[in-house]
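A.B. asks: Predicted model and sequence follow; I will ask about them next.
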Protein chains: 2
Amino acid sequence: MHITPPQEEWINRKIRLQQLLAKSGLDSCLVSQNVGIYYLTGSMQTGYLFMPAEGEPTYYVRRSLSRAVSESQVRTVGLGSFRNFGKLLEADYPTLFSQSDKRPLIGADFDVMPAQLYFRLTEAIPQAQWKDASALLRNTRSVKSTYEVDRISKAAEVAATALEKGIASLRIGMTELELITIIENAMRSQGHIGIMRMRGYNQEIMTGVVAAGEAAAEPTYFDGPAGGRGLSPAAPQSVSLRPIGRNEPILIDIGCCIDGYTIDQTRTAVIGELPSELMDAYKVAKAIIKRSEELLCPGVSPERLYAEALEMAETVGLSNHFMGFGDDQVKFLGHGIGLEIDEWPVLAKGFQEPLEPGMVLAVEPKFTFPGLGVVGIENTYLITETGCMALTISPEKLYELQD
Amino acid sequence: MHITPPQEEWINRKIRLQQLLAKSGLDSCLVSQNVGIYYLTGSMQTGYLFMPAEGEPTYYVRRSLSRAVSESQVRTVGLGSFRNFGKLLEADYPTLFSQSDKRPLIGADFDVMPAQLYFRLTEAIPQAQWKDASALLRNTRSVKSTYEVDRISKAAEVAATALEKGIASLRIGMTELELITIIENAMRSQGHIGIMRMRGYNQEIMTGVVAAGEAAAEPTYFDGPAGGRGLSPAAPQSVSLRPIGRNEPILIDIGCCIDGYTIDQTRTAVIGELPSELMDAYKVAKAIIKRSEELLCPGVSPERLYAEALEMAETVGLSNHFMGFGDDQVKFLGHGIGLEIDEWPVLAKGFQEPLEPGMVLAVEPKFTFPGLGVVGIENTYLITETGCMALTISPEKLYELQD
């Protein structure tokens, strides 16, 4: 009943990771995070995936072993006593663990692995040296397969249907919460798994940011250009109980997750018409996304897209409103997306490794006006051999509704 | 618009944590996790909360500082450059950082803090010695205030309404996904924040486990007695696209989160009637929860509740079906609940510190029958001065519907 990737998918993922391991000088890596384990095994049960730089990986499972065995596409065994994990690895990978001249160098996902688990692992596997392999693991996943792109496209269809339902229900006086409830209902009933995954520590996301007028412009901890007031200081992002008004921007930045893969898109709507200042900014956002489409090609440096976008905002005097306002701006234009919503590469300074075919990126130029709202647009794109292709399918327009 | 706790709430939380710090010999603690920061400041923006064993805490904020300042109930300042965090602490807490005989001992939430962040913190604050304070921080939160109990009760009302809507819509042939979509819609429209928080690494929860027949009995990684098939190996818990049938148990284990506080409850339903084996097990679950209500008193050891429940299951020959089946059993009867769904204490071996007034616990006896389904019941209780009081308000019955 479940859709499963073709067999070569697992082989290709292994090859890609092993190539990066070899290049980095790591002997192996240990993946502890559920999403990372799923990516390499096809199963998300609790355990660890050990991948040597050469040879076959092993999935050491704590629970549920029976389910992991039925789902996993790699060698899968019970972990048994955690304290004996080092001995188990030594028995399974004798060559790696019996080098007379050095201790095996294991990379791990230290950006997500809790410190407590790190201490326990280094105790349980005292034979090893450890290194942070977070960047390497994120790079491995940045290039998507046809199977993965198909899943993201399916999520894009679901999000587009949900957006249309939300737009059709938009009324003056309905609350932001009412609007997102309609959108989420449409996504969930079409198979959205009910959560969106973010890798960043302390980052959370519901199904996106739906917010209108000044509530949309309220700054948050959320690592994105728009935050939203939220329902409580304990949930300080996205929708609030604020009623939607006339002539104010309604930001509908939504995504959903189908078969583990996530889409991200933003459209701006208004009942009545946007104030001219915001309409102008919306047009700049559209111009930025059009320029980005020209730049989304193999060989282009991700940081160039952010730099050019910022320059376009500066030219029209909007740099202080670009991607958040003032002190609360974020310094990127977009982000990789796939099993997690905050994947690599990021369209930001420091990301110089050129774009490659197969990368999937959400590009989200937005402008924030405190007291007034947020306008912008966001599409998710696949990098092709020659350029890019939008995976999001919602009409690229400002949704202007009659009162 | 937001409901905020009374002023003394923050003072009491600080006092409780400082008492535990003093008892443990820690000079201070540093909280990095969003939920932990919210608990101590009233704000969930990105940053760190530093709490000395004596004196006033400081909330060092990265983003959004303006929002943190407007929400926070404690001293709140910008973090500035992460590299200078040590110098900042030294300037703010000179007594603590200028002890000639020893380096200050800082406890931190290492059960959730990523290893990468741990490495960066120890580098940025080289003056300190570090210790895992996860247990201490979880103990601090285990006793709830009146304000907190009120929030959990509000969530209980929402969950009860949602359950009734779900039950009213139950039909032969509807999928598990259709059923949860109705329940989630009811919860969301009443203010559920759209996510449920779990502390455990790699643990995720949608709004609970809704699953019927053999799909409910499929084992998962989820740290609970029932898993569910899920929509994909990438979302291997709770609902699937399986149609609900006649004469099979429908497990409706749901919760929601209002103003940051979570409720958890389970009811079993059936269209037609349960097979007698499952009906018998359901009655044992009811007997266990009734016995638990007698034991939920100040002074009783949490582990005793699990031991007695297991014994009751053993007496009727159901120990292999209790809280999961065979190798996939979990070894607890219930768990603390509040800002997170997996709080302390756990009703499990090793939890010997006696129950205290103000603790809130979900008690969830369940029996799993592979190929047939899961039956059980779950309520959330407040420990009072003399016993316990159920916060969940759904009728405590088997929901038996006509075909």
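C.D. replies: Cool, the structure landed. Fair warning: this is a prediction, and the values are worked out from it, not measured in the lab.
A.B. asks: And the residue in chain A sticking out farthest from the centre, how far from chain B?
C.D. replies: Taking Cα atoms, centre = their mean, the residue of chain A most remote from its mean C-alpha position is A:Ser100, at 41.8 Å. Separation of A:Ser100 from chain B (Cβ to the nearest Cβ, to the nearest Å): 29 Å. Every C-beta, even on glycine, is put in place using the N, C-alpha and C of the backbone.
A.B. asks: Just the pLDDT at that residue, thanks.
C.D. replies: Residue-level confidence at A:Ser100 comes out at 78, pLDDT.
A.B. asks: What is the end-to-end distance of stretch A:43-60?
C.D. replies: 12 Å (Cα to Cα, to the nearest Å).
A.B. asks: and A:Ser100, that one's in a strand?
C.D. replies: No: assigned with DSSP: H, G, I helix; E, B strand; the rest coil, A:Ser100 falls outside any strand and is coil.
A.B. asks: What backbone torsions are found at A:Gln265?
C.D. replies: Main-chain dihedrals, A:Gln265, degrees, to the nearest 10: phi -150, psi 150.
A.B. asks: so who does it touch?
C.D. replies: Listed by Cβ atoms under 8 Å, 6 or more residues apart in numbering or on different chains, the contact set of A:Gln265 reads A:156, A:159-160, A:163, A:253-255, A:362, A:378-380, A:392, A:394.
A.B. asks: pretty sure A:Ser169 contacts A:Asn185?
C.D. replies: No: using Cβ atoms under 8 Å, A:Ser169 is not in contact with A:Asn185; the gap is 10.3 Å.
A.B. asks: nearest to chain B, of the contacts of A:Gln265?
C.D. replies: A:Ile254 (11.7 Å; Cβ to the nearest Cβ).
A.B. asks: quick one on the thing from earlier: what about A:Ser169 and A:Asn185, which has more around it?
C.D. replies: The neighbour comparison of A:Ser169 against A:Asn185 (other Cβ atoms under 10 Å in any protein chain shown) goes to A:Asn185, with 20 against 14.
A.B. asks: Tell me how far the nearest residue to that one once chain neighbours are set aside lies from B:Lys349.
C.D. replies: With Cβ to Cβ, 6 or more residues apart in numbering or on different chains as the criterion, A:Asn185 has its nearest non-adjacent residue at 4.8 Å, and that residue is B:Asn185. Relative to B:Lys349, B:Asn185 is positioned 39 Å away (Cβ to Cβ, to the nearest Å).
A.B. asks: per-domain residue ranges of chain A.
C.D. replies: Recorded structural domains for chain A (assignment: automatic domain parsing) are A:8-141, A:143-401.
A.B. asks: Which of those sits closest to B:Gly373?
C.D. replies: In terms of Cβ to Cβ, the element of the domains of chain A nearest to B:Gly373 is domain A:8-141, at 16.7 Å.
A.B. asks: I'd guessed A:Ile244 sits against A:Ile252; true?
C.D. replies: No: with contact defined as Cβ under 8 Å, A:Ile244 and A:Ile252 do not form a contacting pair (11.0 Å).
A.B. asks: any residues in contact with both of the two?
C.D. replies: Residues touching both A:Ile244 and A:Ile252 (Cβ under 8 Å, 6+ apart): A:Leu179.
A.B. asks: still on that earlier bit, angles on the backbone of the residue farthest from the centre of chain A, please.
C.D. replies: Dihedral angles of A:Ser100 (phi, psi; degrees, to the nearest 10) stand at phi -70, psi -30.
A.B. asks: now swap in the one 3 residues further on and tell me
C.D. replies: According to degrees, to the nearest 10, the main-chain angles of A:Arg103 amount to phi -80, psi 140.
A.B. asks: which residues sit in contact with the spatially closest residue to it that is not a sequence neighbour?
C.D. replies: Spatial nearest neighbour of A:Arg103, chain neighbours left out: A:Gln129 (4.9 Å); criterion: Cβ to Cβ, 6+ apart. Counting by Cβ under 8 Å, 6+ apart, A:Gln129 touches A:102-106.
A.B. asks: Okay, and the beta partners of A:Gln129?
C.D. replies: In this structure, A:Gln129 bridges to A:Leu105 when assessed by DSSP bridges.
A.B. asks: separation between it and A:Arg120?
C.D. replies: 17 Å.
A.B. asks: How about A:Ser24?
C.D. replies: As judged by Cβ to Cβ, A:Ser24 and A:Arg120 stand 25 Å apart.
A.B. asks: same deal with A:Val74?
C.D. replies: In this view, A:Val74 and A:Arg120 are 24 Å apart by Cβ to Cβ.
A.B. asks: neighbour count winner among the two?
C.D. replies: Set A:Val74 next to A:Arg120 and count neighbours by other Cβ under 10 Å: A:Val74 wins out with 18 against 14.
A.B. asks: Go ahead and confirm that one touches A:Tyr38.
C.D. replies: No: between A:Val74 and A:Tyr38 there is no contact under Cβ under 8 Å: 11.6 Å.
A.B. asks: Now for the residue minimising distance to the centre of chain A: which residues touch it?
C.D. replies: With distances taken as Cα atoms, centre = their mean, A:Ile341 lies nearest the centre of chain A, 1.5 Å away. By Cβ under 8 Å, 6+ apart, the contact set of A:Ile341 is A:196-198, A:205, A:255, A:262, A:264, A:335, A:362.
A.B. asks: Any quick PyMOL command for the buried ones out of those residues?
C.D. replies: A single PyMOL command selects the buried members of the contacts of A:Ile341 (16 or more other Cβ atoms under 10 Å in any protein chain shown):
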select buried, chain A and resi 196+197+198+205+255+262+264+335+362
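A.B. asks: Looking at the contacts of A:Ile341, which are in strands?
C.D. replies: Judged by DSSP state E, those include A:262, A:335, A:362 as members of strands.
A.B. asks: Tabulate the residues you listed in JSON lines, adding columns for pLDDT and distance to chain B.
C.D. replies: What follows is the ones in strands among the contacts of A:Ile341, written out as JSON lines (pLDDT from 0 to 100; distance: Cβ to the nearest Cβ, whole Å):
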{"residue": "A:Thr262", "pLDDT": "98", "distance to chain B": "10"}
{"residue": "A:His335", "pLDDT": "98", "distance to chain B": "17"}
{"residue": "A:Ala362", "pLDDT": "98", "distance to chain B": "19"}
